[in-house]
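>>> Provided below are the primary sequence and the corresponding predicted coordinates.
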There are 2 protein chains.
Amino acid sequence: MKRLKATIAYDGSGFAGYQVQPDKRTVQLELMNVLKTIHKGKVVQVVASGRTDAKVHATGQVIHFDTAFSIPMTGWIKALNVLLPEDIRVNAIEEVDASFHARYHTTGKTYRYKWNRSQIISPFTRNLMVHIKQPLDVEAMTIAAQALIGTYDFSSFCAANTAVVDKVRTVRRLEFEEHGDELHMIIEGSGFLYNMVRIIAGTLTEVGTGKRAADELSRIVAATDRDAAGKTAAAHGLYLESVMYES
Amino acid sequence: MKRLKATIAYDGSGFAGYQVQPDKRTVQLELMNVLKTIHKGKVVQVVASGRTDAKVHATGQVIHFDTAFSIPMTGWIKALNVLLPEDIRVNAIEEVDASFHARYHTTGKTYRYKWNRSQIISPFTRNLMVHIKQPLDVEAMTIAAQALIGTYDFSSFCAANTAVVDKVRTVRRLEFEEHGDELHMIIEGSGFLYNMVRIIAGTLTEVGTGKRAADELSRIVAATDRDAAGKTAAAHGLYLESVMYES
């Protein structure tokens, strides 16, 4: 058996999220269906770095699976992309050590959140960015974001209905990029709690529109209370951009 | 009554084309439904510069309609965009003379055709560009295109099943733009026959891949025979970019 690690992209618009759910179209189900076809009906388990929610996109999700087949890596990419629906693409694949685990061995992840600030959003990007018409004070958002960089208990930025006990995470990078009408938030961390990136995006948006002060973030972190933070930003602005592993 | 001219954009992916057809989702039907709502149940006719086929996009389609309502133009844009589905957007609206006609008074149109030449197409643009993996000789395509600029009988570039008798049209501009992996063909003319832009795109692609010589285009035009030209390029690469009127 060989263990293969693949880097995949998907447009989350047409999926009920990454993980298999009964009677729903999910990324994992599409991957498993294709691997089953390639393996002549044999079920192949697929492990991802983590789930993504309905409508959330990925440009650099990582998965692993095991196979007895000896196909060159370029052959794997071609075969998978021919069989997969066009809203999932395999961009890279490599053989890894049998001990590699896409989920357990992550050392970090980068997410990108995209807003579009044009007066009228383009019909072509309606599912790929979140339209925001109010002017955003990006400088205030950048200042506010500094309070989130570091190692903290991020309970205030975690969906209330989660079973995770240890809510301490490290945010290594949190910055904004402006590309014309687009505003991107890039966040890199050791790992993220459920909805953490979207709650951070939503809270910083409230700073951007003047609803909250830029110096409020430290108090929100200290509160360790979901109610202290802002709204959860919409799913369709979020992209899983890369997953890091020990090299 | 006032006559209003609106410039609209739509993502053609979810439509069976512009024009109303029984039991199909079309752009015209969505526009008429919204205008009917605004006009409290009264049917309002909508006239476009011309039809676009299923999957074809528009960034600058022009329509006109008549209304007895006195709403400021910014109010019209807001009302229409609130009521329209997100894959249609109204980008501009203005009051015009009652004699203006979106279809009869056009003096020209510009279309853009988009190819993506990356090895693996992004899942996010799969419905917005045509993926082409073979290398394209853009210089040969540009040279070949020169034979199409001018006033000719474009019968060779017209779908065979058309009722139009006069197939003489003027192409004013036909050029290529490269944006990284993207290749765009921009074509401006007095008017276009059915499938004309897509047959030109398909034929020039065949020059680009070396299947046809760059100097073949004059002979193809002279043949006035659909079979002399190349394949009709896929619909989802095509954008109606602008419509010109006498000012």
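Looks like it arrived, so ask away. Numbering: from 1, shown residues only, chains lettered A, B, ... in the order given.

>>> how about the residues of chain A near chain B?
A:9-11, A:57, A:77, A:81, A:86-91, A:120-124, A:126, A:128 (Cβ under 8 Å from any Cβ of the partner chain). For glycine as for every other residue, the C-beta is placed from the backbone atoms N, C-alpha and C.

>>> how does it look with 7 Å?
A:9-11, A:81, A:86-89, A:91, A:120, A:122-124, A:126, A:128 (Cβ under 7 Å from any Cβ of the partner chain).

>>> would you mind giving the domain segments of chain A?
Chain A breaks down into these domains under automatic domain parsing: A:2-96, A:108-245.

>>> wait, which of those domains is closest to residue B:18?
For residue B:18, the closest of those is domain A:108-245, at 13.7 Å, according to Cβ to Cβ.

>>> next, the distance between the ends of that closest one.
Start-to-end span of domain A:108-245 (Cα to Cα, to the nearest Å) is 7 Å.

>>> with mean pLDDT and mean neighbour count added, can I get the domains of chain A in CSV?
Output for those, formatted as CSV (pLDDT from 0 to 100; neighbours: other Cβ atoms under 10 Å in any protein chain shown):
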stretch, mean pLDDT, mean neighbour count
domain A:2-96, 97, 17
domain A:108-245, 96, 18
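
>>> which other residues reach the strand or helix carrying residue A:112?
Using DSSP states H and E, the element containing residue A:112 is strand A:106-116. With Cβ atoms under 7 Å, 6 or more residues apart in numbering or on different chains as the contact definition, strand A:106-116 has outside contacts at A:49, A:125, A:128-132, A:172, A:181-192, A:197, A:201, A:233, A:237-246.

>>> so which of those residues belong to strands?
Among these, the residues falling in strands (DSSP state E) are A:130-131, A:172, A:182-189, A:238-245.

>>> what ranges does chain A have for its strands?
A:2-10, A:47-48, A:57-67, A:88-96, A:106-116, A:130-131, A:150-153, A:168-179, A:182-189, A:238-245.

>>> I'd like the ones you listed as TSV, with distance to residue A:19 appended.
Putting these into TSV (distance: least, Cβ to Cβ, whole Å) gives the following:
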stretch	distance to residue A:19
strand A:2-10	13
strand A:47-48	8
strand A:57-67	12
strand A:88-96	14
strand A:106-116	16
strand A:130-131	23
strand A:150-153	26
strand A:168-179	21
strand A:182-189	21
strand A:238-245	13
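
>>> if I look at the nearest residue to residue A:140 once chain neighbours are set aside, how far off is chain B?
The spatially closest residue to residue A:140, leaving aside those adjacent along the chain, is residue A:214, at 4.4 Å (Cβ to Cβ, 6 or more residues apart in numbering or on different chains). Distance from residue A:214 to chain B, counting by Cβ to the nearest Cβ, to the nearest Å: 31 Å.

>>> spit out the contact partners of residue A:214.
Residue A:214 is in contact with A:140, A:143-144, A:207, counting by Cβ under 7 Å, 6+ apart.

>>> which residues does residue A:37 contact?
Counting by Cβ under 7 Å, 6+ apart, residue A:37 touches residue A:83.

>>> quick check: phi and psi on the closest residue to residue A:29 other than its chain neighbours?
Leaving aside its sequence neighbours, residue A:29 sits nearest to residue A:20 (Cβ to Cβ, 6+ apart; 5.1 Å). Main-chain torsions, residue A:20, degrees, to the nearest 10: phi -50, psi 130.

>>> residue contacts, residue A:20?
So residue A:20 contacts A:26, A:28-29 (Cβ under 7 Å, 6+ apart).

>>> tabulate these (a markdown table), appending distance to residue B:37.
Putting the contacts of residue A:20 into a markdown table (distance: Cβ to Cβ, whole Å) gives the following:
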| residue | distance to residue B:37 |
| --- | --- |
| A:26 | 36 |
| A:28 | 41 |
| A:29 | 39 |
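
>>> of those residues, closest to residue A:70?
For those, the residue nearest residue A:70 by Cβ to Cβ is residue A:28; the value is 24.9 Å.

>>> I'd say that closest one and residue A:46 touch.
Yes: Residue A:28 is in contact with residue A:46 according to Cβ atoms under 7 Å; the separation is 5.8 Å.

>>> for residue A:101, see how far away the closest residue to residue A:218 other than its chain neighbours is.
Nearest-residue entry for residue A:218: residue A:147, 4.5 Å, with adjacent residues in sequence omitted and distances by Cβ to Cβ, 6+ apart. Look at residue A:147 and residue A:101: by Cβ to Cβ, to the nearest Å, they are 33 Å apart.

>>> also residue A:123?
41 Å.

>>> over to residue A:54?
Distance from residue A:54 to residue A:101, counting by Cβ to Cβ: 25 Å.

>>> which ones are touching residue A:32?
Residues in contact with residue A:32 (Cβ under 7 Å, 6+ apart) are A:44, A:46.

>>> can we see that at 6 Å?
By Cβ atoms under 6 Å, 6 or more residues apart in numbering or on different chains, the residues touching residue A:32 are residue A:46.

>>> and the one 10 residues further on, by the same measure?
Counting by Cβ under 6 Å, 6+ apart, residue A:42 touches no other residue.

>>> how close does it sit to chain B?
Distance from residue A:42 to chain B, by Cβ to the nearest Cβ: 26 Å.

>>> cool, and residue A:111?
As judged by Cβ to the nearest Cβ, residue A:111 and chain B stand 16 Å apart.

>>> for residue A:66, same thing?
Residue A:66 is 23 Å from chain B, by Cβ to the nearest Cβ.

>>> how close does the nearest residue to that residue once chain neighbours are set aside get to residue A:95?
Once flanking residues are discounted, residue A:66 sits nearest to residue A:1: 4.9 Å by Cβ to Cβ, 6+ apart. Distance from residue A:1 to residue A:95, counting by Cβ to Cβ: 11 Å.

>>> how about residue A:20?
Taking Cβ to Cβ, one finds residue A:20 at 25 Å from residue A:95.

>>> okay but residue A:203 is in contact with residue A:229, surely?
Yes: look at residue A:203 against residue A:229 with Cβ atoms under 6 Å: they come within range, at 4.8 Å.

>>> okay, and the common contacts of these two?
Common neighbours of residue A:203 and residue A:229 (Cβ under 6 Å, 6+ apart) do not exist.

>>> is it true that residue A:207 touches residue A:145?
No: look at residue A:207 against residue A:145 with Cβ under 6 Å: they stay out of range, at 8.5 Å.

>>> ok, residue A:30 - contacts?
A:85, A:88.

>>> can you list the strands that the strand holding residue A:112 pairs with?
strand A:130-131 (parallel), strand A:182-189 (antiparallel), strand A:238-245 (antiparallel) (DSSP bridges).

>>> could you give the angle of the second one to strand A:168-179?
What that stands for is strand A:182-189. Angle, strand A:182-189 to strand A:168-179, by axes from the mean of the first three to the mean of the last three Cα atoms, to 10 degrees: 160 degrees.
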